[in-house]
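Student: Mind looking at a prediction? Sequence and model below.
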Amino acid sequence: MLEALLAVLALVCLGLIGACVWLAKQQRAALQAQAERDAVRDRRLKELSRRLDTYLAGSIQMGDELHELRRIVAPLPDKLSQMEQRDPSSLSFTQAARLAGMGASVDDLTQSCGLSKAEAELVSKMQQAKLQRS
C-alpha cells in the first residue's frame, strides 16, 4: 500500500513538474511577444517624435516668416498715406475710386475730383468691374 501511495505521489510530482515546464514555456512566449510589442511601440514613438520635431520646426519657420512679413507690411499704410499726400493727381484718382465705389456718377467724379470725363468714365467702369468680380 505504501508503494502504491509512493507511485501515486511520484505521478503527481511528475504532473506538477510537467505543468511547471508548460507554464514556464508559456511565460517565456508571453514575455517574447511583449518584448516584440514593446519594440514596435518604441519604433512608432521614435517615428512620431521625429515627425513632431519636423512639424515644430516647420511651424517655427512659418512663425519667423510671418513676423518678417509683418515687419515688411507694417509701414505700408503710412507709406500709402504719404504717397497720396505727395501726388495730388494720385489723390484725386484714389478719391474718385472711393466715390465710384459708393455709387457716384461720372459727372459727380468730374466735378468733385477734377477728372476729365474720360478719366471719370474709366474709374467708374473699373469700380463696376471690381464690384462684379466680388
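Tutor: Arrived safely, thanks for sending. Numbering: from 1, shown residues only.
Student: how about the helices in this structure?
Tutor: Taking DSSP state H as the test, the helices found in the chain are 2-73, 76-86, 88-101, 106-113, 117-133.
Student: Output these as JSON lines; include the columns mean pLDDT.
Tutor: Formatted as JSON lines, the helices of the chain follow (pLDDT from 0 to 100):
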{"stretch": "helix 2-73", "mean pLDDT": "95"}
{"stretch": "helix 76-86", "mean pLDDT": "73"}
{"stretch": "helix 88-101", "mean pLDDT": "75"}
{"stretch": "helix 106-113", "mean pLDDT": "86"}
{"stretch": "helix 117-133", "mean pLDDT": "85"}
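Student: Domain-wise, how is this protein divided?
Tutor: According to automatic domain parsing, the chain comprises the domains 34-74, 77-133.
Student: Point out the most buried one among these.
Tutor: Neighbour counts (mean count of other Cβ atoms under 10 Å) averaged over each of the domains of the chain peak at domain 77-133, with a mean of 15. Where you see a C-beta, it was placed from the backbone N, CA and C, and this is true even at glycine.
Student: how long is that one from one end to the other?
Tutor: Length of domain 77-133, first residue to last, Cα to Cα, to the nearest Å: 25 Å.
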